Every structure is written in C-alpha cells, then in structure tokens.
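Fold the following for me, if possible:
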Amino acid sequence: MSVFGHLTRYSIRDLSARPTRTLLTILGIVIGIAFMVSLTSLTLSMKTRIKDDVESLLSSAILVSDMDMAPIPLYISDTIRQIGGVRSVVPVVIGGCITRREPGILLGVPVDEILSFVPSPQGRLPSSDNALEFITTDFGAASLQLKVNDSLKVITQYVSVGTNLKIVGTTEIGGFFQGLAAGTGSVVVTGIGTAQYLLNMRGYTTYFVVRISDVSFGDGVVKEIKATFPRTKVLTEKDLLKNLGNIIDTLDALMFSVSLVSLAVSGLSIMNSVAMSVAEKRREIGVLKSIGAENWHVIYIFMFQGILLGIIGGTLGGAAGYALTYFLLRTFLPRFVSIGLQFPFILDFGAYIRGFGVAIVLSIVASIIPSWNATKVRPIEALRYE
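From the prediction side, this is the model:
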C-alpha cells in the first residue's frame, strides 16, 4: 500500500474511533449547508413564481399609471387606443376597503375582462359593471366565512356607511390577485362601475393595462404614450421583472448573510474537531516524526480528516436543504402562514453544487491552522507528552 493509502487509513480510523465527536461535527456542517441550500432554493422559488405571475398579467401588455398614482381620466384611453400596435386598453380601479373590520383590497375591472386577471370562478361573474356583486378568492371567502349568495358590507373612506355586495363566485388564488391583498387581506373584485362608486372615482381609473398586438410594438407604444402624456408612468413586463428581481436579489443577499452565521459555526466546529484530534495525537505525531514522517505527511492526515468531514456534511447538507425547502413550501407556509399562495418546488442542482463547494472550501480553511500546528510538534517533546 502506498504512503497515501496508509495516511488515509490512519485518518479514517482516527475519526471512527471518536464517533460522537465526528457525528456532532458532521451535524454542524449539515445544518449550515442545509440552511444555505434551503434559502437559495426558496429565493429561486419566489423568483419563478413572480416571473410567471408577471408574464400571465402583462404578456404583450403595458401598465400605464400617473407618476404620483393619482387617478387618471378615463378619456385618456381613447387616445391610447389610436396608437399603432395597441390592441385594447383595460381600465383597472384599485383601492382600500374594510370588510368585517378587516382591511382588504377593492379591485374594479370591466366584467368582460375579469377572467384575464383571475382564474375562472366557481359560481359566476358579476352581472354588469355596476352590479352590487363581487367575487373573491377561496382563501378570502374562507377567512370572511362567506358562501356564494351571501352578503358582505364593504366600507371605504368615501362610503363610510358601507354598501352591501353579494358574493356570486369564488376563485383559486392567483399570484397577482393575492398580491393585491398584501398577503393576509381579502380581495373584493367587482365591475369597474361599482368600484368607481365605492372609491369616488367616477370617470377615473387607477391605471390602464394596454395590450399590444405584438411584443415588437412595445418600445414604440411606450415612447408615444410618454410623449403624449408626460405625467404618466409606463411599465413593461421587463420593467416589472427588473424591479421585482432587484427586490428578490436584495432579499437573497440578506438570506445569504444570515446563512453565513451558520456556516461560520460549521467552520468552527470543524476547526475544533481537528484541533482536538491534533492535541490527542501529539504523542503519535512525535512517533511518526521520529521514524521519518515529513511535515506534509502530518498535514495530510489532519487536512484529510477535515475535508472528509466537509464531503460527508456537504453531501448530506444539500439533501437536507432540499427536504427543508419542500417542507416549508408544501407544509409550513400553507398551514401556518396566512398567504394562501403556492410557490413551486424547484430542484436547483446549482444550489446543491454551491452548497457542496462551500462545505469543501470551509473544511479546507478550517483545517489549515490546526494541521499546520501539528507540524510544529517536536518528537522529543511529544514522546514525553502525557
């Protein structure tokens, strides 16, 4: 057997001789890497969900609003429709409301356009733009304890006495739909006329969704809208994805910073394990050096121990990270967080590889100092060591 074979067997035998310490060190690495992989996977899941939601909402469309989010006159839509490449202009009214003493969001859309914003409901849509009827999410109906044909008093700052609306349908939760509710509030979707009445916006809207015939017309339509209406703010799918992506990237950086704390603990556990092994093996190190072992032999023994711990911890930690992500997305969030929003579970092997790589680098860095200290042991001192 070669020198490397003997040194490797020696390292492994030393680790197996202290199973409790070895297992605890591996557990520390697993926790740190699992936390890192899970946070990375959660961020990717959020990015994917947001991208899908924005694409479903603004596929070949442009969002037009006032720069200060003030109401926009409806007649502006007539001018926008005349721009080349514009297929349709949909006014959308959004405002806050109170439903059974709970804050909510009032969304008004032309009845014939509601299905382009929300999934098909169980029941039916409001009968007209001015009907005192609404639909909401299954989640919202459950939280408000509503069934189809029940009545709900909706209060706004302009109609403080409230107006009774009849629920005529419920729908599955969509990302944009639930996003309007800011996570825990209810969403009341009515015809646009009803929303304008409740929010005192007769003849006005909050923004327009401008649908274009082809994506290639997008830049030209944006330029003409800005030139015609300088006070408007125009957002494309690309703009929204960029803005939301920046937010997610910031969140990703924050999560990675948090994971560094657990990784630092993992590194210290490796360093402590190797350092204790060096301290316990001082006598054996002295014997090895007295029979001709070189410094690199000693370094190899303890570096190999640290790297082996990193390999095992990184392998198990990546798998544990995916398991933790699956648990959070499929069990914890739906059951204990009142958002009613499903995020996709994505097996991102890039996250696994990064986690495994971090574990290896961490183990190498953490093993350098105690391994180097082992080479400083003098044979004559070590042989007297008890």
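
was I right about residue 276 contacting residue 20?
No: between residue 276 and residue 20 there is no contact under Cβ atoms under 8 Å: 11.8 Å. C-betas here are computed from N, CA, C, even on glycine.

These two - which one has more neighbours?
The residue with more neighbours, out of residue 276 and residue 20, is residue 276; 14 against 7, by other Cβ atoms under 10 Å.

quick one: contacts for that one?
With contact taken as Cβ atoms under 8 Å, 6 or more residues apart in numbering, residue 276 is in contact with residue 21.

separation between it and residue 370?
9 Å (Cβ to Cβ, to the nearest Å).

Dump stretch 190-206 to PDB, restricted to CA.
C-alpha atoms of stretch 190-206 as PDB (Å, rounded to 0.1, in the frame of the first residue of the first chain):
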ATOM      1  CA  THR A 190     -66.300  44.000  -8.700                       C
ATOM      2  CA  GLY A 191     -67.300  45.500 -12.000                       C
ATOM      3  CA  ILE A 192     -65.500  48.700 -12.600                       C
ATOM      4  CA  GLY A 193     -68.600  50.900 -12.200                       C
ATOM      5  CA  THR A 194     -69.200  49.600  -8.600                       C
ATOM      6  CA  ALA A 195     -65.500  50.100  -7.700                       C
ATOM      7  CA  GLN A 196     -65.600  53.700  -9.000                       C
ATOM      8  CA  TYR A 197     -68.700  54.400  -7.000                       C
ATOM      9  CA  LEU A 198     -67.200  53.000  -3.700                       C
ATOM     10  CA  LEU A 199     -63.900  54.800  -4.200                       C
ATOM     11  CA  ASN A 200     -65.400  58.100  -5.600                       C
ATOM     12  CA  MET A 201     -63.700  57.700  -8.900                       C
ATOM     13  CA  ARG A 202     -66.500  58.300 -11.400                       C
ATOM     14  CA  GLY A 203     -64.800  58.900 -14.800                       C
ATOM     15  CA  TYR A 204     -61.400  58.000 -13.500                       C
ATOM     16  CA  THR A 205     -59.200  54.900 -13.100                       C
ATOM     17  CA  THR A 206     -56.100  53.900 -11.200                       C
END
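
Buried ones in that stretch, by neighbour count?
190-199, 201, 204-206 (16 or more other Cβ atoms under 10 Å).

for that stretch, what is the average pLDDT?
On average, the pLDDT along stretch 190-206 is 94.

Now do it: everything it contacts.
Contacts for stretch 190-206 (Cβ under 8 Å, 6+ apart): 65, 69, 71-75, 91-95, 97, 106-111, 126, 128-134, 154, 156, 158-159, 163, 165.

how about low-confidence regions in the stretch 101-250 of the chain?
Within the stretch 101-250 of the chain, the ranges that satisfy pLDDT under 70 run 173-185, 237, 240-241, 243-245.

again, only using 50
175-183 (pLDDT under 50).

returning to what we had before: may I see the PyMOL selection of the buried members of the contacts of stretch 190-206?
This is how PyMOL selects the buried members of these, with burial counted by 16+ other Cβ under 10 Å:
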select buried, resi 65+71+72+74+91+92+93+94+95+97+106+107+108+109+111+126+129+130+131+132+133+134+154+156+163+165
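
from the contacts of stretch 190-206, which ones fall inside strands?
Counting by DSSP state E, the part of those found in strands is 65, 72-73, 91-95, 97, 106-109, 133-134, 154, 163, 165.

picking up where we left off before, could you list which of the buried residues of stretch 190-206 belong to helices?
Applying DSSP state H to the buried residues of stretch 190-206, the entries found in helices are 192, 193, 194, 195, 196, 197, 198.

Tell me the one of the residues you listed nearest residue 254?
Of all those, the one with the least separation from residue 254 (Cβ to Cβ) is residue 195, at 36.4 Å.

who's the residue nearest to the closest one when sequence neighbours are not counted bridged to?
Once flanking residues are discounted, residue 195 sits nearest to residue 108: 2.2 Å by Cβ to Cβ, 6 or more residues apart in numbering. Beta bridges link residue 108 to residue 93, residue 190, judged by DSSP bridges.
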